[in-house]
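Novice: Here's a sequence, model it:
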Amino acid sequence: MAKANELRNQDDRALRDQLQECYKELYNLRFQRVTGSITNTARPRQVKKDIARIKTVLRERQLAQE
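Specialist: Alright, predicted model coming up:
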């Protein structure tokens, strides 16, 4: 779980890569939930929050440029 301050220190490319990995992890966690093999049931919620944090930082940067 990354904090917003840590995310702000990264460049846009790294954030986009991290966002892509979070989406892949969430996709896999959904399949694990359906098949019943998920071990940490709180992990999907954590990944969703990480996605929201990354998107927020990217949006802040976009608004600052405009």
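Novice: Surely residue 19 and residue 56 touch.
Specialist: No - shown here, residue 19 and residue 56 do not form a contact pair, counting by C-beta atoms under 8 Å, at 11.1 Å. From N, CA and C alone the C-beta is placed, and that goes for glycine too.
Novice: between the two, which one's more packed in?
Specialist: residue 19 (17 against 13; other C-beta atoms under 10 Å).
Novice: how about that one, secondary structure?
Specialist: helix (DSSP: H, G, I helix; E, B strand; the rest coil).
Novice: Spit out the contact partners of residue 47.
Specialist: Taking C-beta atoms under 8 Å, 6 or more residues apart in numbering, we find residue 47 in contact with 22, 25-26, 29.
Novice: Against residue 56, how distant is the residue nearest to residue 51 when sequence neighbours are not counted?
Specialist: Nearest non-adjacent residue to residue 51, counting by C-beta to C-beta, 6 or more residues apart in numbering: residue 22, 4.9 Å away. Applying C-beta to C-beta, to the nearest Å, the value for residue 22 to residue 56 is 13 Å.
Novice: Can you tell me which of the contacts of residue 47 is closest to residue 39?
Specialist: Nearest to residue 39, judged by C-beta to C-beta, of those is residue 29 at 10.3 Å.
Novice: pretty sure the closest one is touching residue 44, no?
Specialist: Yes - using C-beta under 8 Å as the test, residue 29 is close enough to residue 44 to be in contact (4.7 Å).
Novice: contacting residues around the most centrally placed residue in the chain?
Specialist: Closest residue to the average C-alpha location of the chain: residue 51 at 2.7 Å, with C-alpha atoms, centre = their mean. Contact partners of residue 51, counting by C-beta under 8 Å, 6+ apart, are 19, 22-23, 26.
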